[in-house]
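**Student:** let's see this in three dimensions:
(chains A and B)
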2 protein chains.
Amino acid sequence: MSKLYWEDLAIGQVLEYGAHTVTREEVIEFAREFDPQPFHVDDEAAAQSPYGGLIASGWQTAGFCMRMLVDNVLSKARSLGAPGVEWLRWRQPVRPGDELRVRHHVLEKRVSKSRPYVGFVKNRFEVLNQHDAVVMEMVTQSMFQRRLDPDHERGAA
Amino acid sequence: MSKLYWEDLAIGQVLEYGAHTVTREEVIEFAREFDPQPFHVDDEAAAQSPYGGLIASGWQTAGFCMRMLVDNVLSKARSLGAPGVEWLRWRQPVRPGDELRVRHHVLEKRVSKSRPYVGFVKNRFEVLNQHDAVVMEMVTQSMFQRRLDPDHERGAA
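**Tutor:** Predicted coordinates for the structure are as follows:
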């Protein structure tokens, strides 16, 4: 099975993928579990809020981005997870009916000092809606297996 | 109804709250929807991965933190949402059976220049497990209504 290794990602590369259409039901379901603020779970309270209507939890928007990343990149890659997020901005509300997609920029690459079979990739993700507005933007680090080391084949899960 | 406004949070304040006990079922359910990587959804593949067993998606850990924040702070506050995350680190794997709690530090406060009824708070969140290990840490900005402005009462949702 051919898989994408750290060596296969190029600095400057831009990947575009998605889409995901947001439903009212999933916005409310997610928010009831993780972020039950009125403007995420209650249509009437949301209408009275500064957002003027129901909006998705920002953490759910991150989740939508992650799912599109997994489906389009990580599921084909020797992914080793991610140490964190350098920064994240929720730039526009995400509302039921919005159709989201991802623009993924490969910014930087480096090899792990302590684990030479691991390569780091610095990524910028833009989540766009159907009006081409950026609703969320973040810069992350992620880890991929390097092609060099067959001893760590098991490390790719 | 008494509510917590921007003025009621003090720089240097440390709030401790939680807990949430992580279940295998919720780890797999979340990951199937948002982060279906093998080490989040498949016990056997996870056992073979560098994590040595099933771990929660980092986005779910952020969600657990958010839920504890809402239950213990935001549900009692005039919260106006959040513009973003300054940085976030997943420091340790989160596994089924882990009991998580939050240590929440109020770092900085400032008033919005464009909207004087809005106050910003810079927070550091540490998510700890039952061994007192920090599993996730992040610094965020959040927005709260200021007490000064009754005209924007509706803005607090």
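
**Student:** in stretch A:15-24, what's buried?
**Tutor:** For stretch A:15-24, burial by neighbour count (16 or more other C-beta atoms under 10 Å in any protein chain shown) applies to A:Gly18, A:His20, A:Val22. All C-beta spots, glycine's among them, are computed from the backbone N, C-alpha and C.

**Student:** would a markdown table of those residues with distance to chain B and pLDDT be doable?
**Tutor:** Formatted as a markdown table, these follow (distance: C-beta to the nearest C-beta, whole Å; pLDDT from 0 to 100):
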| residue | distance to chain B | pLDDT |
| --- | --- | --- |
| A:Gly18 | 14 | 96 |
| A:His20 | 10 | 98 |
| A:Val22 | 13 | 98 |
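
**Student:** can you tell me which of those end up in strands?
**Tutor:** Per DSSP state E, strands hold the following members of the buried residues of stretch A:15-24: A:Gly18, A:His20.

**Student:** show me where chain A has helices.
**Tutor:** Counting by DSSP state H, chain A has helices at residues A:24-34, A:38-41, A:43-48, A:58-72.

**Student:** now check the first one, is it near chain B?
**Tutor:** Yes: judged by C-beta under 8 Å from any C-beta of the partner chain, helix A:24-34 comes into contact with chain B through A:Glu33, A:Phe34.

**Student:** now for that helix, which elements pack on it?
**Tutor:** Here helix A:24-34 touches helix A:38-41, helix A:58-72, helix B:58-72, going by 3 or more C-beta pairs under 8 Å, 6 or more residues apart in numbering or on different chains; DSSP states H and E.

**Student:** with mean pLDDT, mean neighbour count and distance to A:Val85 added, can I get those helices in a markdown table?
**Tutor:** Formatted as a markdown table, the helices and strands packed on helix A:24-34 follow (pLDDT from 0 to 100; neighbours: other C-beta atoms under 10 Å in any protein chain shown; distance: least, C-beta to C-beta, whole Å):
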| stretch | mean pLDDT | mean neighbour count | distance to A:Val85 |
| --- | --- | --- | --- |
| helix A:38-41 | 94 | 23 | 21 |
| helix A:58-72 | 98 | 23 | 9 |
| helix B:58-72 | 98 | 23 | 9 |
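
**Student:** coming back round to it: for B:Val118, which of the helices of chain A is the nearest?
**Tutor:** For these, distance to B:Val118 was read as C-beta to C-beta. The smallest value, 14.7 Å, belongs to helix A:38-41.

**Student:** any bit of that closest one sitting next to chain B?
**Tutor:** Yes: against chain B, helix A:38-41 shows contacts by C-beta under 8 Å from any C-beta at A:Pro38, A:Phe39.

**Student:** got a list of contacts for that helix?
**Tutor:** Contacts with helix A:38-41, where a contact means C-beta atoms under 8 Å, 6 or more residues apart in numbering or on different chains, come from A:27-28, A:30-32, A:45-46, A:49, A:51, A:54-57, B:81, B:157.

**Student:** on that earlier part again, which of the buried residues of stretch A:15-24 sits closest to A:Glu86?
**Tutor:** Out of the buried residues of stretch A:15-24, the member with the shortest distance to A:Glu86 (by C-beta to C-beta) is A:Gly18, at 21.9 Å.

**Student:** list the beta-bridge partners for that closest one.
**Tutor:** In this entry, A:Gly18 is beta-bridged to A:Arg101, by DSSP bridges.
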